[in-house]
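S.K.: task: produce atomic coordinates for the following.
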Amino acid sequence: MSLSFDSLISGFNKVMTKVFGSHNQRVLKKVLPVIEGINALEKKMRDLPDQAFPKMAEVWRARLAKHETLDDLLPEVFAAVRESARRTIGLRHYDAQLIGGWALHNRMIAEMVTGEGKTLVATSAAALNALEGNGVHVVTVNDYLARRDAQWMGPVYEFLGLTVGIIQHSYEEAYRFDSSHANDPQNKMRCLRPCDRKAAYAADITYGTNNNYGFDYLRDNMKTRKEDQVQRMVKVEEDGETKRMFAFAIIDEADNILIDEARTPLIISGSSEDDPQKYAQADRVVKRLESGVDFEVKEKEHVVMMTEAGIEKAQRLLGLDDFYTGENMEWPHLLENALKAHALYRNEKEYVVTDGDVVIVDEFTGRMMPGRRWSDGLHQAVEAKEGIRIREESQTLATITLQNYFKLFRKLSGMTGTASTEAMELDKIYNLQVLTIPTNRPLVRNNLPDVVYRTKKEKWDAVVEEICRIHETGRPILVGTTSIENSEIVSTMLKRRGVKHEVLNAKYHEKEAAIVSRAGYRSTVTIATNMAGRGTDILLEPGVAELGGLHVLGTERHEARRIDNQLRGRCGRQGDPGSSQFLLALEDDLMRVFAPEWVSTILLRMGMTEGEPIESVMVSNAIQRAQKRMEDRNFDIRKNLVEYDKVMNEQRLMIYTQRQDILDGKDMRETLQDMLEARVADVLDRFVPEGGRGGWDWDGLVEYFKAKFGIEAPPDRLKTAKDEILREELLEQVMAVYERREKEVGAEVMRQIERFLLLRSMDEKWKEHLHNMETLRHGIHLRAQAQLDPKVQYKKEGYEMFETMLESIREEVTDLVLKVEIRKEDEKRLDDTWKGQEQKKAEAPTMAAQAEPAGEDGRPAAPAEKPKPFVASARAGRNDPCPCGSGKKYKKCHGVGESARSGGATRTAPSDGDAADDDGDDR
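M.R.: So this is what the prediction gives:
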């Protein structure tokens, strides 16, 4: 009997672990001398007067300037942070918390069980890395935690001479921590002094959410003046090239942000021109289609497919002959989305309807996410299904996935209670190792075995009976559900039994922290959707520990084992007693969709009767295998997204780097000359291709050069000249026009014009390119029908589209820069336009768009954004593109009613649309 390769490797690893210890054990052994060094400094720090601490940051920075390293300073800084926390907020770092801080400094994910004080852990690593002066981002999952953690830990940093900033979802809302600014008696905004966003980022340490940081990055790359940018980036030498990167980030709840949120692109968008009524029409049609006959639903794959009969029926209902003619080809997609809305998206589970809006519910946390929208018309389809106002589709102006955003950090680290099950993914995608930190006190939680019922009704009856039984003992109970709908079921049943309880889910998220903080009180019953309230400790009321502590009751297994472990982790903090158990049903979604059919068949044959639970190793193993399959599937989807998004990421970095060079004041003269040279080469390739003069269009070449470059016809002698001589002489004439323009307007004004035209053209063409890439992404899977690899084709076609975009930028900029004619009175106007250019552009509505749960190609959308008008003087021919950038010919746009111009004139570009309210997610 032969062993598999995997089993051999597994056996070898077990032997090596026994001999040398696990990787985790080896790392912990390595860090122990560092912790001993920190502890040795504790008495020295205790003996120092308060006045010595505020000067420490300045002293440490001076030592760094003399070529000491952060590692050299670590023991002293960590010891000082520990003492600062003891004096200011009454907390002293345990050794386990110092180990966590060491792990963060060393680019790791610190896995620490709930209640071990992760908020305090971050202070040591944040303070140490802030000394480099490049800023530290502490990343939280919502605005409330960003404020709370900054207010709580602010005194620790301030005591050491370090500054703290806080950013919130609203672009205008930002703060600096200031202990003297205690102006809020209710403590909500205690010690938070309002400031502008740039000042918040200029602080040594900044607290905010992943979405807020990401959107500010996108906004900064839409700004037209460097001084309007708010974030700080540093230049880093990496792989032989200079890159602009952020310095250091500490991500709280790292598994939620780096894993669960990884498929969520951050998007700034503008509205499109789709007809909302077509969504309503599609909804009316699908209501008349019959499941199993006209369409099929594959719930496991999250797919809905129309049959031939369904297509024919839909065509008849719409009065169309054929969906697949040019003018009708949008209908299959509209109908598919309408079917998904009815078959796969349920009210009170995937979304809720609030104040006339469809609000997505996070499948991982159970929180409502106002402002977030499904992509590709799906959200409009759900709105049509619910009979509410259908909002228009939108066009992407700027986008980045969280995966690629966090790859912009030179150093990245994180904290969470559950990361070991995702260690491989964190390593492969983010190059982050997971270090499991030992608990400060032994964990005494009692994890009871699962109990399985036949039907959901039996399970809910048992859940309520178990709650009532434990409630009578005085022990607090936390009931975990996977959806708002299930929370309401339990709540309704408890009301009938007269059991007082609190509901903690997406509908009541404003009360989360307060409800969770009381969940450890005697006889308290709290119902929580998934991990709502995560980030707030459940402290036991005096006397509750003697009763057995908090009991956690899970009502359904989640797709990911991490979420189950997070729920269990709410009890048994810091050595407290506690227990946990899951009550399940064979009808639960995970069991129904992913567990093998033979599980329920065999259980029924074993005599499983109504109301009788069963505890079976076979069932437990089946559940674990189902969860593992789901985790593997989601990992594949995220990995697939990374591979596709790598194409866009490289293009985005190239555009943003060039754009930043312009804002940094780089002289664009050489760039423009290179563009002109490339443009001449493009024109010659078009009119006088190599390989014989028989295909030359000399007259076309003459006309083009006169119209575009304003030069007279090339001399006839060039008709017989060699290609190289022709190219050189024509380029020389074009450069002469460029030099003449520069002399006319002056070098300084010419540089402003060049930067202005480059920025405007890049922004417009990039927006169009994002739309084209989105369209390519949605249809790329069809290449497989032609036996082509979709990923390879996406890279190939995406590169070709990017080259086309660059050529388009080159053509537009070189057209306009040679026609610029500035009058004396226009110089100040151009300068004012440049300085005041569209600050609101970077304050466009933002969206953390929700990817479809099973989709790999989804591209979310968001509301509109309004650039302010620009003013530029351009000399354009009637058939040239209008300088406003509309894409129309000048005679059809701003040249309407005018004769051909003989001189320069000032024109104002029409705006792209009215700015919408910023309704992005603050999660």
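S.K.: can you name the next helix or strand after the helix of greatest length in the chain?
M.R.: Identified as the longest helix of the chain according to DSSP state H is helix 617-663. Elements were assigned by DSSP states H and E; along the chain past helix 617-663, the next helix or strand is helix 669-687.
S.K.: would you mind writing the CA trace of the helix or strand that that following helix is followed by as PDB?
M.R.: Using DSSP H and E, the helix or strand that follows helix 669-687 towards the C-terminus is helix 698-709. C-alpha atoms of helix 698-709 as PDB (Å, rounded to 0.1, in the frame of the first residue of the first chain):
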ATOM      1  CA  TRP A 698       1.400  62.200 -49.700                       C
ATOM      2  CA  ASP A 699      -1.500  64.500 -50.000                       C
ATOM      3  CA  GLY A 700      -3.100  63.200 -46.800                       C
ATOM      4  CA  LEU A 701       0.200  63.700 -45.000                       C
ATOM      5  CA  VAL A 702       0.500  67.300 -46.200                       C
ATOM      6  CA  GLU A 703      -3.100  68.000 -45.100                       C
ATOM      7  CA  TYR A 704      -2.700  66.400 -41.700                       C
ATOM      8  CA  PHE A 705       0.600  68.200 -40.900                       C
ATOM      9  CA  LYS A 706      -1.000  71.500 -41.800                       C
ATOM     10  CA  ALA A 707      -4.200  70.900 -39.800                       C
ATOM     11  CA  LYS A 708      -2.600  69.400 -36.700                       C
ATOM     12  CA  PHE A 709       0.800  71.000 -36.500                       C
END
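S.K.: and the next helix or strand past helix 698-709?
M.R.: Immediately after helix 698-709, counting by DSSP H and E, sits helix 723-745.
S.K.: packing partners for that following helix?
M.R.: If you count contacts as 3 or more C-beta pairs under 8 Å, 6 or more residues apart in numbering; DSSP states H and E, helix 723-745 packs onto helix 669-687, helix 698-709, helix 747-779. For every residue, glycine as well, the C-beta is placed using N, CA and C.
S.K.: what is the burial count for the residue nearest to residue 675 when sequence neighbours are not counted?
M.R.: Closest residue to residue 675 apart from its sequence neighbours, by C-beta to C-beta, 6 or more residues apart in numbering: residue 810 at 4.8 Å. When neighbours are counted by other C-beta atoms under 10 Å, residue 810 registers 19.
S.K.: cool, the one 4 residues further on as well?
M.R.: The tally of other residues near residue 814 (other C-beta under 10 Å) stands at 24.
S.K.: got a list of what it touches?
M.R.: Residues counted as contacts of residue 814 (C-beta atoms under 8 Å, 6 or more residues apart in numbering) are 672, 675-676, 679, 708.
S.K.: let's see 6 Å
M.R.: The contact partners of residue 814, by C-beta atoms under 6 Å, 6 or more residues apart in numbering, come to 675-676, 679.
S.K.: I figured residue 197 hits residue 230, correct?
M.R.: Yes. Counting by C-beta atoms under 6 Å, residue 197 does reach residue 230; the two are 4.5 Å apart.
S.K.: so which of these two has more stuff around it?
M.R.: Remark: of residue 197 and residue 230, residue 197 carries more neighbours, 24 against 20, as counted by other C-beta under 10 Å.
S.K.: report pLDDT for the more buried one.
M.R.: Looking at residue 197, its pLDDT stands at 97.
S.K.: residue 136 versus that one, what's the distance?
M.R.: Separation of residue 197 from residue 136 (C-beta to C-beta, to the nearest Å): 17 Å.
S.K.: for residue 527, same thing?
M.R.: Distance from residue 527 to residue 136, by C-beta to C-beta: 37 Å.
S.K.: identify the single longest strand in this protein, thanks.
M.R.: Ranked by residue count under DSSP state E, the longest strand found in the chain is strand 241-252.
S.K.: list the buried ones in that one?
M.R.: In terms of neighbour count (16 or more other C-beta atoms under 10 Å), strand 241-252 has its buried residues at 245-252.
S.K.: including pLDDT, could those residues go into TSV?
M.R.: TSV is the format used below for the buried residues of strand 241-252 (pLDDT from 0 to 100):
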residue	pLDDT
245	93
246	96
247	96
248	98
249	98
250	98
251	97
252	93
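S.K.: so can I have JSON lines of the residues you listed showing distance to residue 57?
M.R.: JSON lines is the format used below for the buried residues of strand 241-252 (distance: C-beta to C-beta, whole Å):
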{"residue": "245", "distance to residue 57": "23"}
{"residue": "246", "distance to residue 57": "20"}
{"residue": "247", "distance to residue 57": "16"}
{"residue": "248", "distance to residue 57": "16"}
{"residue": "249", "distance to residue 57": "20"}
{"residue": "250", "distance to residue 57": "18"}
{"residue": "251", "distance to residue 57": "24"}
{"residue": "252", "distance to residue 57": "23"}
